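Trainee: pasted the sequence and its predicted model underneath.
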Amino acid sequence: MGTMTVVRLDADTLTPRQLNEKLRELLASGAEAVVENPRSRHNLGVALPGPGHVTFKGSVGYYCGGLSNGGSIAIAGNAGWGIGESMANGFIRVRGSVGQSIGASLRGGTIVVEGDAGPRAGVAQKGGVVVVGGNIGFLSGFMAQRGKLIALGDASDGVGDSLYEGNIFVAGRIHGLGIDAVIAPPMPEEIDEIESIIAEVGFPLKPREWKKVVAGRKLWYFDKREGQTWLKV
Amino acid sequence: MAQGVNHRLPQMGRSKIWTPHVIEDIQAKAELGHYQIRGFSTFFNIPTLDQLTFLPAAMTRLPLEGYREFCETKTVLGGGKPDRVSQPLELDIPIYIASMSFGALSRNAKVSLGLGASAVGTCTSTGEGGMLEDERQASKKLIYQITPSRYQLDLDHLRRADAVEIAVGQGAKPGTGGVLLGAKVIDKVVEMRQLPKGIDQRSSVRHPDFLGADDMQIKIEELRDATGYRVPIFCKLPACRVTQDVKIAAKSGIDVIVIDGMEGGTGASPEFLLDHTGIPTMAAIPAARRALEEIGMYGKVSLVVSGGLKSGADVAKALALGADAVAFGTAALIALNCNAPLYEEDYAALGTAPGYCYHCHTGRCPVGVTTQDEELQKRLDPEKAGERIASFLRAVTMEVTMIAKSCGKSNVHNLEPEDMRALTLEASAMTGVPLAGVDKVVAPW
C-alpha cells in the first residue's frame, strides 16, 4: 500500500454514463477513485464491480451503488433514494443522511449511514446488512426476506410490516409496529453479533437496549384462522 | 297440474343472478372465510377481438397470392431510440411468449417455451422470480422481468438479457402483486426467491425504490447504465387508464410498452379481480395507440399487446389496431398441453376435467405445466413440447400472413384499422372501426 494511485474524476465534466464507465474500469482494476462535484446527480456509481474504492466528495442522488457486485463507496454528503438497491456485494458508507428505500432488495454486502434514513429502509431486503446511525423512517423493513437492518436511533411507525425472515434491530424507541410485526428479545449471541458489526463500521459501543423486530408469521399463510390479520390488509 | 310435469325442476338454475357459480362462490366464502384464488383467466363474457372482421381485397385492392407470395413478419421492438438502445429486440415473427414465472410454471414448461420460441426466431420472458439458467440456455432471446418483489435481481443476469421489462402490473390482477401459493414455494423456487418454504407468497405491488413516473424515469436510466445502453427497456402495464398510463410510461423514457388486457392469464389470482378489474384487450389497443399518437410517440415507442389472444386472427387484429407485436401466455400453455385430455384421473382428483381446468394455483397440474412437482413435470418432455410450441407459433404466423396477404399487404405490420369492420356496436364504439354494412363508426360522443 501507499503506492496506490488515486484517480480524480470531475462529475461536472462527465455525463453519469461516462463517469460510471470509468468507475467500473477503475474499480475492476482495484484502483481508488475520487469523484468531485457529484452535486446530487442520480445513478452515480451504479453496477460497480470490486475490488476498488470510490469516494464521492459531496452528496449523491438516487440509486448510488445500486445493482453493484462489489467495491466500496464512500459518500461524503447525503444520498437520495434507493442507495445500494439490489446490491449483491460491496460496501457503502454515507457520511450524512439518506432518503427512502436505502438497501431496497439488498442481497449482500453492507451499507452504513451515519445520519438518518428515510421511509422504507431495508424494504424487501434479501440479505446483507444495513446499519443506520440515526433513525429509520416509516415502514422500514417492509417485506424484508432475509438480512439485518440495524438502527442505532428510533424506528418510525410501521416498522417490520409484513416481514418474512429479515431481522430488524432497533436501539432506540419503536414508534409503532407494522402489520404482523412483533418484538422479540434478542438472544445474547445476537447482541454480540450486532455490536460486533457496529463496532467494525466505527460506531462507538455503549449500553443499548436492543429490540428485535421479527415476523409474527400470521401473514405467511392464506388461512381462515388468521382472517382478522388479513382483514387489516 | 298435468300429470308427469314437474313444475319445480325447470326453475332450477334459471336465475341470471343466483347462478350455480354464484351460489358456489358464496358458499365457498362462507366455508373458507376469504375470497377464492384460482388460475387461468376471467370467465366473464367480455367484448373480444372476435367482434371484428377483416375486409380482404376484392375490386378496390389487389390481394397477394396467399399460398405463394412472401409476406414479411420480421418485428423490431425498441428500435425508436438508437442513441439509447444499441441492440433493439429483433424477432422473426410478431409474437413472443408472455412473462410467466418459473414458480408459476415448471422448469420443463419454461424450457419447452424457450426451445419452441427459439425455433421460430422469437423470445420468451423470465416473468417474476429471477432468471432460470435452463431457460436462459433454451431461449436464444430472453426478456428479463423486474417485478416489485425483485426476487433474485442480479446484475449478471440483467446483462445477459436481450431486453429488460419493468412490471408495473398485469391484466389478470391490476393493482395487486403476484400470488404463488405454498404448494409451489418449494425447492428451487425457495432458493431463487429466498422465501420461507411453503408460504403463500403474495408479492408487493409497489416497487421498493420508485413510486411514481418521475422516479421510474431515473430507474430506467439506471437500468440502461447497468446494461451499457444496449437493450430496450419494456414496461408492462395492466389495461386500466390506458390513455394516461401509456403517455406517462412513454414520457418516462420506456422503449416498449406492453398492455395486458383484462383477459390476461395468471397462475393464481383472487378470482374477483380476474372478473371485475381492467378493460378488455380490444378496447385497450386503440386507446394505447391514440395515446402515443397524441404525444407524437407512435412508431418511436413500440406497443405490445397481450391478454386472451388465441389465434392468428387475434394477432392480425391486434396488429391492425396498432400493436407492433403480441405476447401469448395462456395460448402457449394450452399448446404445451394445458387442459389436454390426458391423465384424466388427475383432473378428476382436482374436481375438474380436461377442457375445464383452471387449477394452476394448486400446483397439481395434471400435464406438468403449472407445477413444481418433480413427478408431474416429467409428463412434459421439453423437446416434444418445444416442438408443439414451435408448430403452434408457425401455424399462427401463417394465419396472420394469410390474412395480411388477403388484404393486399406484403408486411404484416401494414395491416391497419381500415382493413376491418366491427360486427357489434360495442366493438365499433370501443375501437373506432366502422360498423359492418353501414361503414360508419358508432361513436355518439
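Mentor: Right, received. Where do you want to start?
Trainee: residue numbers of the stretch 201-350 of chain B in contact with chain A?
Mentor: B:202, B:204, B:208-210, B:215, B:218-219, B:221-222, B:225-226, B:229 (CB under 8 Å from any CB of the partner chain). Any C-beta I mention is one placed from the backbone N, CA and C, and that applies to glycine too.
Trainee: low-confidence stretches in chain A?
Mentor: A:1-3, A:224-233 (pLDDT under 70).
Trainee: if we use 90, what do you get?
Mentor: For chain A, applying pLDDT under 90 flags the ranges A:1-5, A:221-233.
Trainee: got it, and chain B?
Mentor: B:1-14, B:20-21, B:28-29, B:31-36, B:66, B:178, B:202, B:443-445.
Trainee: thinking again about what came up before, could you pick out the buried ones from the residues of the stretch 201-350 of chain B next to chain A?
Mentor: Buried members of these, counted by 16 or more other CB atoms under 10 Å in any protein chain shown: B:202, B:204, B:208-210, B:215, B:218-219, B:221-222, B:225-226, B:229.
Trainee: and the two most separated of these?
Mentor: Spatially, the most separated pair among those is B:R202 and B:Y229, at 35.2 Å (CB to CB).
Trainee: so which of the residues of the stretch 201-350 of chain B next to chain A belong to strands?
Mentor: B:R202 (DSSP state E).
Trainee: mind listing which of the residues of the stretch 201-350 of chain B next to chain A are in helices?
Mentor: B:D215, B:I218, B:K219, B:E221, B:E222, B:D225, B:A226 (DSSP state H).
Trainee: a markdown table for these, including distance to B:A325?
Mentor: Putting those into a markdown table (distance: CB to CB, whole Å) gives the following:
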| residue | distance to B:A325 |
| --- | --- |
| B:D215 | 28 |
| B:I218 | 27 |
| B:K219 | 24 |
| B:E221 | 25 |
| B:E222 | 26 |
| B:D225 | 26 |
| B:A226 | 25 |
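Trainee: right, and out of those residues, which lies closest to A:N20?
Mentor: For those, the closest approach to A:N20 (CB to CB) belongs to B:D225, at 5.5 Å.
Trainee: give the contact list for that closest one.
Mentor: A:P16, A:R17, A:N20, A:N43, A:V46, A:A47 (CB atoms under 8 Å, 6 or more residues apart in numbering or on different chains).
Trainee: now do the same end-to-end measure for stretch A:38-56.
Mentor: 6 Å (CA to CA, to the nearest Å).
Trainee: in that stretch, what counts as buried?
Mentor: A:38, A:40-50, A:52-56.
Trainee: with stretch B:401-416 instead?
Mentor: Going by neighbour count (16+ other CB under 10 Å), the buried part of stretch B:401-416 is B:T401, B:M402, B:I403, B:A404, B:K405, B:S406, B:C407, B:G408, B:K409, B:V412, B:H413, B:L415.
Trainee: nearest to B:A239, of those residues?
Mentor: Nearest to B:A239 among these, with distances taken as CB to CB, is B:L415, at 20.6 Å.
Trainee: how far away is A:P207 from A:A155?
Mentor: Distance, A:P207 to A:A155, by CB to CB, to the nearest Å: 19 Å.
Trainee: more neighbours, the two?
Mentor: A:A155 (30 against 5; other CB atoms under 10 Å in any protein chain shown).
Trainee: tell me the secondary structure for A:A33?
Mentor: For A:A33, the assignment made with DSSP: H, G, I helix; E, B strand; the rest coil gives strand.
Trainee: list of residues touching the strand or helix carrying B:Q145?
Mentor: Per DSSP states H and E, B:Q145 falls inside strand B:142-146. If you take CB under 8 Å, 6+ apart as the criterion, strand B:142-146 is touched by B:89, B:96, B:99, B:114, B:123-128, B:131, B:135-136, B:153, B:157-158, B:160-167, B:223, B:234, B:236.
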